[in-house]
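Student: Requesting a structural model of the entry that follows:
(one chain, ligands or ions: 1)
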Amino acid sequence: CLMIPPTPFTDIIYEKAEGIAKVMLDITFFLSHASFVHYIIGYAFFLLLQKDNYNRPERRNAFRPQTVKELMRAFNDARDDNSIGVIIFTGKGTKAFCSGGDQSFRGKEGYADYDSFGRLNVLDLQVQIRRLPKPVIAMVAGYAVGGGHVLHMVCDLTIAADNAVFGQTGPKVGSVDAGYGASVMDRLVGPKRAREMWFMAKFYNAVEADKMGLVNTVVPLEKLEEETVKWCREILRNSPMAIRVAKSALNAVDDGHSGLQQMGGDATLLSMERRKVRRGRTPTCSAGNLISRDFLVFL
Ligand code: 2NE
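Tutor: As a prediction, the model looks like this:
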């Protein structure tokens, strides 16, 4: 039968190991599953389709609609892979986590790439990260600004390198994220600081960001990955179900009906699991895990 290989990623790198998925912004052509032949064919198409050949780390990992589509595919895979318990979201290189929307793809209707209609699909990505029933850790080196700053804010945790710089740039280019960019920031840093960040579009270094509650910890740049993996391993030692419920509970109030729906879904999941246990079909409770990983991908 005809096998259609998954479209290779062009703007991101996606890797998985030891229960951890790493989603990294980057233009370097990367094969997640495809063979060498697919790589060559895909790369030829990629070059044909490119409006301008550019290198995303050199654009401080700015995202275009295609980048966001690929990020959503990767996050979806990490969500549905029951061997994955935690996800690291990062940018390639040490100069930037992400500098927001790629301004060269911005038009009157939003950001448009080859299909030529504008959109702000990064808003869907923000919702996806927030609803993802596994912790997402932003690992930030260099700039996390504009839409890139909002992306780190919607992650569950942020580990910052000592060279990290945070801030909103939208008002300088006639743009604002009036959704999570406003509400999540208000929760993180408080109403006065949030106004300062948006009205003045100032940048803050890692120590200032730490004091403001924007990040969980600051580590030397050369220790960033090592420390982030350490945090991941600690999380992986704990019950995935307890973590899942904690995440949905912490988001529930802010997310209104949608937040309640997610938490309610967790309750349904638990009640179904209990029923399975009562019937004696599945021994699901182990020392470390309150509930089997297999069941977690169910909802
Ligand atoms: C990020 C920052 C502060 C870095 O400064 P620096 O000095 O380290 O680098 P430089 O030289 O400014 O940038 C290096 C190259 O990257 C490009 C630059 O144009 C430059 O290109 P060349 O001159 O070398 O060709 N570059 C950087 N950021 C880019 C971007 N976002 N789009 C396209 N090219 C970019 C500094 O570069 C900076 O302030 N960047 C702009 C940040 C920005 O305005 N982001 C958009 C905010 S709005 C948004 O993200 C958004 C939205 O509008 C709607 C919905 C959701 C999000």
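Student: Verify the stated contact: M212 with A194.
Tutor: No - M212 lies out of contact with A194 (Cβ atoms under 8 Å); the separation is 9.8 Å. Every C-beta, even on glycine, is put in place using the N, C-alpha and C of the backbone.
Student: got any residues that touch both of these two?
Tutor: Residues touching both M212 and A194 (Cβ atoms under 8 Å, 6 or more residues apart in numbering) are L188.
Student: The residue nearest to F117 when sequence neighbours are not counted: neighbour count?
Tutor: Using Cβ to Cβ, 6 or more residues apart in numbering and skipping residues adjacent in sequence, the residue nearest F117 is E109, 6.6 Å away. Neighbour count of E109, defined by other Cβ atoms under 10 Å: 11.
Student: The stretch 151-299 of the chain against the ligand: which residues are in contact?
Tutor: Within the stretch 151-299 of the chain, the positions adjacent to the ligand are 169-170, 173, 175, 177 by Cβ under 6 Å from any ligand atom.
Student: Rebuild those as TSV, extending it with pLDDT.
Tutor: Shown next, in TSV, are these (pLDDT from 0 to 100):
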residue	pLDDT
T169	97
G170	94
V173	92
S175	92
D177	95
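Student: who wins for neighbours among those?
Tutor: D177 (24 neighbours).
Student: ok, I88 to A242 distance?
Tutor: 21 Å (Cβ to Cβ, to the nearest Å).
Student: What of G101?
Tutor: Distance, G101 to A242, by Cβ to Cβ: 36 Å.
Student: Assign a three-state SS to K172, would you?
Tutor: Following DSSP: H, G, I helix; E, B strand; the rest coil, K172 is assigned to helix.
Student: Tell me how many other residues surround it.
Tutor: By other Cβ under 10 Å, the residues close to K172 number 10.
Student: now swap in E222 and tell me
Tutor: 10.
Student: Repeat that for N163.
Tutor: N163, neighbours per other Cβ under 10 Å, totals 17.
Student: Please apply the same query to E226.
Tutor: 10.
Student: Read off the pLDDT value for it.
Tutor: As predicted, E226 sits at a pLDDT of 98.
Student: what does the one helix or strand it maps to contact?
Tutor: Assigned by DSSP states H and E, E226 falls within helix 224-236. Under the contact criterion Cβ under 8 Å, 6+ apart, helix 224-236 has outside partners 18-20, 85-86, 88, 135, 137, 139, 141, 157, 159, 161, 217, 219, 243.
Student: Can you select the buried ones among those residues for me in ChimeraX?
Tutor: The following ChimeraX line selects those of these that are buried, judged by 16 or more other Cβ atoms under 10 Å:
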select :19,20,85,86,88,135,137,139,141,157,159,161,219,243
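Student: which one of the contacts of helix 224-236 is nearest the ligand?
Tutor: Closest approach to the ligand among those (Cβ to the nearest ligand atom): A141, at 12.3 Å.
Student: Could you measure from the closest one over to E15?
Tutor: A141 sits 17 Å away from E15, taking Cβ to Cβ as the criterion.
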